[in-house]
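>>> Predicted coordinates and the sequence they were generated for:
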Amino acid sequence: MAEKILAVLEQREGSLKKVSFEAASVAVNIANQLGLSAEALVVGSEINNLSELSKFGISKLTHLRHEQLNNYSPTAYSDVIASYANENGAKVLIFPNTAMGVDLAPRVAVKLNSGIMMDCMKLEVKDNDIVATRPVYAGKALIDLKLKSEIKIFTIRPNVFKPQTVNSTSVDIEVRTVENPNLKTRVTAFKKSEGKLDVAEADIIVSGGRGMKGPENFHLIEELAEVLGAAVGASRAVVDAGWRQHREQVGQTGKTVSPSLYIACGISGAIQHLAGMSSSKYIVAINKDKDAPIFNVADYGIAGDVFEILPALTDEIKKLKS
């Protein structure tokens, strides 16, 4: 049986999530360097966009299907994924480092007796082995590591690995029905948080830092975000101070984002924050300190008082949209 690299995909409400295409692309890239084949695996019920995987070089996808597996079940998902990996010679498994992936990957690692490396920000092949780069010391440093186990599992941080498209080929989709899944524990429903956009998925983000001076001033960030149809983000200092919730934190110890437009308001630009948003297509910085590090990565910078600039900017965008 030929050894292979397996990308474990994630679906929500019948559609593959964006991070699944990132995992697929990583698997193909590593497989090409190691001379192995790359395949994908997804667990769920009806999934409507499986054919999109062909754009990222995956030639075979296995869909482990059962009507009760549409929502995540730690017991059932880990059982069927580990069994499939054992039966099909998977030596490397790539999971997204999402809430589900962080829970699922270690469970599969235990069942496979494999090593595991979480929250990888870089995977490269050196001397016919995989070297993983991940943050340590609360994101203050990065470390390169190798796994010595026969089977290796890596989880990749969302929005760090850009999906690489290839010449479109057809993907062989095999559907296998799961018999009597172990549904000892399962998610019964998903509830979106207050209808707010997730910074990890948003195309536009307006973020605030300590320069906002307090939680009572974040209404300026929220108003601009509402006009732009954007998500609200925050720096680590803001979250640590209790001004905003952790789900909004952008940076190495928060969420890595890659929107089309990132507006940083009152954010100085600590290296941990820059690591989480510097891949944005366009960056706009607003800060009264003209020497703030954020201006070094910004495409457009405004050196001035954020409390004067934000209301004026919001008003002008309202006028343009009207």
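Looks like it arrived, so ask away. Residues are numbered from 1 along each chain as shown.
>>> Skipping adjacent residues, who's closest to residue 288 in space?
Leaving aside its sequence neighbours, residue 288 sits nearest to residue 305 (Cβ to Cβ, 6 or more residues apart in numbering; 5.7 Å). Quick note: C-beta positions are derived from backbone N, CA and C, even for glycine.
>>> Could you tell me how far the one you found is located from residue 311?
11 Å (Cβ to Cβ, to the nearest Å).
>>> shaky segments in this protein?
Across the chain, the ranges flagged by pLDDT under 70 are 1-2, 138-139, 168-169, 190-195.
>>> same thing but 80
1-2, 13, 51, 137-140, 167-170, 186-196, 252 (pLDDT under 80).
>>> Would you mind giving the domain segments of it?
According to automatic domain parsing, the chain comprises the domains 4-177, 204-321.
>>> Can you lay out those domains as TSV showing distance to residue 198 and mean neighbour count?
Listed next are the domains of the chain as TSV, based on distance: least, Cβ to Cβ, whole Å; neighbours: other Cβ atoms under 10 Å:
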stretch	distance to residue 198	mean neighbour count
domain 4-177	10	18
domain 204-321	7	19
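>>> Mind checking these for the one nearest to residue 188?
The stretch from the domains of the chain with the least distance to residue 188 (Cβ to Cβ) is domain 4-177; that distance is 6.7 Å.
>>> centre of the chain versus the closest one, how much separation?
Relative to its parent chain, domain 4-177 has a centroid offset of 13 Å by Cα atoms, centre = their mean, to the nearest Å.
>>> So for it, first residue to last residue, what's the gap.
Distance across domain 4-177, first residue to last, is 22 Å (Cα to Cα, to the nearest Å).
>>> Go ahead and report the secondary structure state at residue 170.
coil (DSSP: H, G, I helix; E, B strand; the rest coil).
>>> wait, it sits on residue 54?
Yes: the criterion here is Cβ atoms under 8 Å, and residue 170 meets it with residue 54 at 5.9 Å.
>>> gap between residue 89 and residue 105?
For residue 89 relative to residue 105 (Cβ to Cβ), the value is 19 Å.
>>> list the contacts for residue 230?
Contacts for residue 230 (Cβ atoms under 8 Å, 6 or more residues apart in numbering) come out as 197, 202-206, 224, 261, 263.
>>> Apply 7 Å and report the result again.
Contact analysis of residue 230 by Cβ atoms under 7 Å, 6 or more residues apart in numbering lists 202, 204-206.
>>> Could you tell me the backbone phi and psi angles at it?
Main-chain torsions, residue 230, degrees, to the nearest 10: phi -110, psi 170.
>>> can you check residue 19 too?
Main-chain torsions, residue 19, degrees, to the nearest 10: phi -70, psi -20.
>>> pretty sure it is in contact with residue 96, am I right?
Yes: Residue 19 is within contact range of residue 96, at 4.0 Å (criterion: Cβ atoms under 7 Å).
>>> what is in contact with these two at once?
10, 158.
>>> Isn't the residue nearest to residue 288 up against residue 289?
No: judged on Cβ under 7 Å, residue 305 makes no contact with residue 289 at a distance of 11.1 Å.
>>> got a list of what residue 107 touches?
With Cβ under 7 Å, 6+ apart, residue 107 has these contacts: 74, 78.
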